[in-house]
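Novice: I would like the atomic coordinates for the input below:
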Amino acid sequence: MNRFNALSKAALVKSLLQCLVFAAVLGFCACSGSSGPDDSTPPFTPRFAGYFNDGTKDTPCYWEGTTMVSLGEGLSGSGCAFSPVTVSGDRVYSAGYHIDGPLFVPCYWEGTERHDLMDEMNNPLAVNAYAKAISVADGAVYSAGYIHNGSIYVPCYWTGTTLTLLKDGSGTVSLTGNAYAYSIAVSGGTVYTAGCYNKGGIDVPCYWIGTKCYELKDSSGTVSLMQNACANSIAVYGGTVYAAGRYENGPRQAPCYWQGAMLHELMNASGNSLDGGGLATSIAVSSGEVYVAGVDYRMMYSPCYWVNGAMHDLLDDQGDTVIGVAASVVLSGDAAYFGGYYESGDLFAPCYWEGGIIHDLKDEHGNQLITDAYVLAPN
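Specialist: Here you go, the predicted model:
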């Protein structure tokens, strides 16, 4: 995308954090085998999506382990895919968009097969639209994002390729300001999406159950936030909605998560507010443990994660702090995997961290990438 290529490295990271429009839905699972001597559990393979620059344009892709799978077949323009992806059966599902002439076209990929997303009558969209997140439940594919209706951005989700617009707190009335859905989860046959909507010039964090909007509140769980905030990722655990994102706390943008409607600010390792602020990009919950991926804005951008509110830095292979972003968290058993990217010499290199160890993501042939590439968060 030309607008990305024109940016400096530092501005590129900031642009990706500010304008990539989610959250987070986990579609990964570890297969379990019997305890018999001739059967064993296959190792878990983490998968993350994003894009790489092929020298002429930005090409969507995902990585299986450290090996890239290109999603660029049939694309004439640039595109990108977002993490987390979903795995169902032996297929990897990812959501994103591609540029076709003057339009941004939302789509999802089943493996490497692209499906462009449609309007409410299942006709091709004639406006810009973006798919930011994906989930698969009971054989149906669900994608979340937003479309431009000619005057404002409208949050939505797709079932298969058919569009459903998200509404206000009544579940029936259209929103009147810009609004965005960045993440999707399906639990018990119900669709949950997370994002934010603009009201009176302020971005209000929220989630939707079906099409009905629920506002996310302050640390009391009852009082509306008076400054900009947004939910970037969603998970449903034990019937409770968890969402991760950011809110303005005075002059800073603070990373946070919500449990139900109640806000929890994410602190530094000393238990204090982050001096420069930060952002929570992705959330996952397992056995009551809350994992959040994100970034600390010290030294520009530093990848990090939190477990039940306790912060941990993500480092390079020398144990040093890096400039980069943790864009997605994936859980398997007791292991947590954090996908993202970091500054490596003159390039931004995609990677994932497991148990504090960084793994560089490679090209389709298992070689080191020689152009910029990213594991992307929806926002």
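
Novice: what are the boundaries of the helices in the stretch 1-150 of the chain?
Specialist: Assigned by DSSP state H, counting those that start in this stretch, the helices in the stretch 1-150 of the chain fall at 2-5, 9-19.

Novice: could you tell me the least trusted of those?
Specialist: Here the lowest mean pLDDT among the helices of the stretch 1-150 of the chain goes to helix 2-5, at a mean of 35.

Novice: any low-confidence regions in the stretch 1-150 of the chain?
Specialist: Scanning the stretch 1-150 of the chain for pLDDT under 70 picks out 1-41.

Novice: in it, which spans are strands?
Specialist: 47-53, 58-64, 67-70, 79-88, 91-100, 103-110, 113-116, 129-137, 140-148 (DSSP state E, counting those that start in this stretch).

Novice: now render the ones you listed as TSV, adding mean neighbour count and distance to residue 291.
Specialist: The C-beta positions use only the backbone N, C-alpha and C, and glycine is treated the same way. What follows is the strands of the stretch 1-150 of the chain, written out as TSV (neighbours: other C-beta atoms under 10 Å; distance: least, C-beta to C-beta, whole Å):
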stretch	mean neighbour count	distance to residue 291
strand 47-53	27	15
strand 58-64	26	20
strand 67-70	18	25
strand 79-88	27	12
strand 91-100	24	21
strand 103-110	23	25
strand 113-116	16	30
strand 129-137	27	17
strand 140-148	25	21
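
Novice: ok, which of those strands comes nearest residue 193?
Specialist: strand 140-148 (4.7 Å; C-beta to C-beta).

Novice: now for residue 376: which residues touch it?
Specialist: Contacts for residue 376 were tallied using C-beta atoms under 8 Å, 6 or more residues apart in numbering; they are 16, 20, 49, 50, 51, 80, 81, 82, 83, 327.

Novice: tell me the pLDDT of it.
Specialist: 97.

Novice: state the distance from it to residue 61.
Specialist: As for residue 376, its distance to residue 61 is 10 Å (criterion: C-beta to C-beta, to the nearest Å).

Novice: can you give me the end-to-end distance of stretch 212-227?
Specialist: 22 Å (C-alpha to C-alpha, to the nearest Å).

Novice: buried set for it?
Specialist: 213, 214, 216, 217, 218, 225 (16 or more other C-beta atoms under 10 Å).

Novice: find the nearest non-adjacent residue to the third one, please.
Specialist: Spatial nearest neighbour of residue 216, chain neighbours left out: residue 205 (4.0 Å); criterion: C-beta to C-beta, 6 or more residues apart in numbering.

Novice: can you tell me the SS state at that neighbour?
Specialist: Three-state assignment for residue 205 (DSSP: H, G, I helix; E, B strand; the rest coil): strand.

Novice: what's the burial count for it?
Specialist: Using other C-beta atoms under 10 Å, the number of residues around residue 205 comes to 27.

Novice: now do residue 189
Specialist: 8.

Novice: isn't it up against residue 142?
Specialist: No. Using C-beta atoms under 8 Å, residue 189 makes no contact with residue 142, being 11.0 Å away.

Novice: quick revisit: among the buried residues of stretch 212-227, which ones are in strands?
Specialist: 213, 214 (DSSP state E).

Novice: would you convert the buried residues of stretch 212-227 into a markdown table that also reports distance to residue 316 and pLDDT?
Specialist: Below are the buried residues of stretch 212-227 laid out as a markdown table (distance: C-beta to C-beta, whole Å; pLDDT from 0 to 100):
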| residue | distance to residue 316 | pLDDT |
| --- | --- | --- |
| 213 | 41 | 98 |
| 214 | 40 | 98 |
| 216 | 34 | 98 |
| 217 | 38 | 98 |
| 218 | 37 | 98 |
| 225 | 35 | 98 |
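
Novice: report the two of the buried residues of stretch 212-227 separated the most.
Specialist: 213 and 218, at 17.4 Å, using C-beta to C-beta across the buried residues of stretch 212-227.

Novice: what residues sit buried inside the strand or helix carrying residue 293?
Specialist: Assigned by DSSP states H and E, residue 293 belongs to strand 289-296. Within strand 289-296, the residues scored as buried using 16+ other C-beta under 10 Å are 290, 291, 292, 293, 294, 295, 296.

Novice: just give the number of residues close to the closest residue to residue 52 other than its chain neighbours.
Specialist: Leaving aside its sequence neighbours, residue 52 sits nearest to residue 373 (C-beta to C-beta, 6+ apart; 3.7 Å). The local packing of residue 373 (other C-beta under 10 Å) involves 26 other residues.

Novice: tell me if I'm right that residue 373 and residue 54 touch.
Specialist: No. Residue 373 lies out of contact with residue 54 (C-beta under 8 Å); the separation is 9.8 Å.

Novice: and residue 112, what does it touch?
Specialist: Residue 112 neighbours (C-beta under 8 Å, 6+ apart): 69, 70, 71, 73.

Novice: the same query, at a cut-off of 6 Å, please.
Specialist: Residues near residue 112 by C-beta atoms under 6 Å, 6 or more residues apart in numbering: residue 71.

Novice: next one: it from residue 152, what distance?
Specialist: In terms of C-beta to C-beta, residue 112 sits 34 Å off from residue 152.

Novice: also residue 255?
Specialist: 27 Å.

Novice: over to residue 93?
Specialist: 29 Å.

Novice: do residue 64 as well
Specialist: Taking C-beta to C-beta, one finds residue 64 at 38 Å from residue 152.

Novice: of the contacts of residue 376, just say which sits nearest to residue 303.
Specialist: residue 327 (8.5 Å).
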